[in-house]
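Visitor: My questions are about this predicted structure, shown below with the sequence.
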Amino acid sequence: MTDGGWGIEKTVLIRASVAEVWPHIRDARLLSRWWCPPPTVQISFDPHPGAAYSERYDDGTHSYSIGGDIVEFEPPRRLLIQRKTNGRFGDCDQVSIELDDRGSPALVRLRHLFEDLPTHRRGEAYDFYADGWDFSLGLLSTEVCAAVRKNGRAR
């Protein structure tokens, strides 16, 4: 994507280390548990640059299927996905997830970028995605903290 794009950025602090958060980013099965309200989305990809990415969503009233590619995979810091979308906000978008090793808590930064999205559509895109990403990052925090507790390290 070009530098001329526009995007949404969301962050969350998770009471865990980067090493404890990263599996929930790199593993498609675990990513599917927080990306959208489970079990509505199924994501699949191999964890390396150039791998195909697939996202299938079905909540019983609405469904979609999109593909894409893993653009960057930098353990344990960054995952960048380019998705070929349904065209509502352009033909493709990018979602990056970055972990900042501040110790604990870990800072997770999610950026959803849209190339060449007209200015008059940006409010609509924000309204469509922003609350969902907040909800999803809350689910990520819940999933990570539950895994930390299960593995015997209560915080």
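Guide: Perfect, thanks for sending it.

Visitor: going forward, measure contacts between C-alpha atoms and count neighbours the same way
Guide: OK.

Visitor: Helices of this structure, residue ranges please.
Guide: 18-21, 23-26, 28-35, 119-150 (DSSP state H).

Visitor: between the third one and helix 119-150, how many degrees?
Guide: Using axes from the mean of the first three to the mean of the last three CA atoms, to 10 degrees, one finds that helix 28-35 and helix 119-150 are set 120 degrees apart in direction.

Visitor: in helix 28-35, what's buried?
Guide: Across helix 28-35, burial judged by 16 or more other CA atoms under 10 Å covers Ala28, Leu30, Leu31, Ser32, Arg33, Trp34, Trp35.

Visitor: One more: the longest one?
Guide: Residues of helix 119-150 classed as buried under the neighbour-count rule (16+ other CA under 10 Å) are 122, 125, 133-134, 136-141, 143-145, 147-148.

Visitor: which residues touch Leu117?
Guide: By CA atoms under 8 Å, 6 or more residues apart in numbering, Leu117 lies in contact with Gly5, Trp6, Phe89, Gly90.

Visitor: Give me the buried subset of the residues you listed.
Guide: Neighbour-count burial (16+ other CA under 10 Å) applied to the contacts of Leu117 gives Trp6, Phe89.

Visitor: Among the contacts of Leu117, which are located in strands?
Guide: Among the contacts of Leu117, the ones falling in strands (DSSP state E) are Trp6, Gly90.

Visitor: Is it possible to get the contacts of Leu117 out as TSV so that each row also shows pLDDT and distance to Arg77?
Guide: Formatted as TSV, the contacts of Leu117 follow (pLDDT from 0 to 100; distance: CA to CA, whole Å):
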residue	pLDDT	distance to Arg77
Gly5	87	23
Trp6	96	22
Phe89	93	28
Gly90	89	27
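
Visitor: In TSV, list the contacts of Leu117 along with distance to Arg102.
Guide: As requested, the contacts of Leu117 are exported to TSV (distance: CA to CA, whole Å):
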residue	distance to Arg102
Gly5	28
Trp6	27
Phe89	34
Gly90	35
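
Visitor: Appreciated, that's everything.
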